[in-house]
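*Asks:* can you look at this prediction? I've put the sequence above it.
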Amino acid sequence: APDGIDCDGDTSAFALKAHTYTYGITSDPLTQFAVVFCALIHDVDHTGVSNGQLIKEKAHVASLYRNQSIAEQNSVDLAWDLLMDERYMDLRKV
């Protein structure tokens, strides 16, 4: 159990305390999916070049996102397009 959660082996007590301790994240499937999805897409397609450098180099992707959070927006767009692919229809229905 996480620090500060003493449940003496009682699974239901642990679940209740974990729910409270984690602000409900442990019992909300949509929140759990969002956390995992965010972790998976973080820096997708990142080239190792900073946003500032992309702007200086006048990279196409920089103009596409109007020089604002370029790498981050690109990661979200690519991941969203992948999630919307027909192969993941069942996942979207959950």
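*Replies:* Thanks, I have it.

*Asks:* most centrally placed residue in the protein?
*Replies:* Cys38 (0.8 Å; CA atoms, centre = their mean).

*Asks:* now do Met16, the pLDDT please.
*Replies:* To be clear, residue 16 is Leu; Met isn't right here. What the model reports for Leu16 is a pLDDT of 68.

*Asks:* distance across stretch 36-54, terminal residue to terminal residue?
*Replies:* For stretch 36-54, the first-to-last residue distance is 28 Å (CA to CA, to the nearest Å).

*Asks:* buried stuff in that stretch?
*Replies:* For stretch 36-54, the neighbour count (16 or more other CB atoms under 10 Å) marks 41, 51, 54 as buried. C-betas here are computed from N, CA, C, even on glycine.

*Asks:* can you redo those as CSV with secondary structure?
*Replies:* What follows is the buried residues of stretch 36-54, written out as CSV (DSSP: H, G, I helix; E, B strand; the rest coil):
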residue, secondary structure
Ile41, helix
Asn51, helix
Leu54, helix
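
*Asks:* which of these sits closest to Thr20?
*Replies:* Ile41 (29.1 Å; CB to CB).

*Asks:* OK, contacts around the closest one?
*Replies:* Contacts for Ile41 were tallied using CB atoms under 8 Å, 6 or more residues apart in numbering; they are 75-76, 78-79.

*Asks:* let's see which of the residues you listed end up in helices.
*Replies:* When DSSP state H defines the helices, the subset of those inside them is 75-76, 78-79.

*Asks:* that older thread, dump the buried residues of stretch 36-54 to TSV, plus pLDDT and distance to Ser27.
*Replies:* As requested, these are exported to TSV (pLDDT from 0 to 100; distance: CB to CB, whole Å):
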residue	pLDDT	distance to Ser27
Ile41	90	24
Asn51	96	37
Leu54	97	40
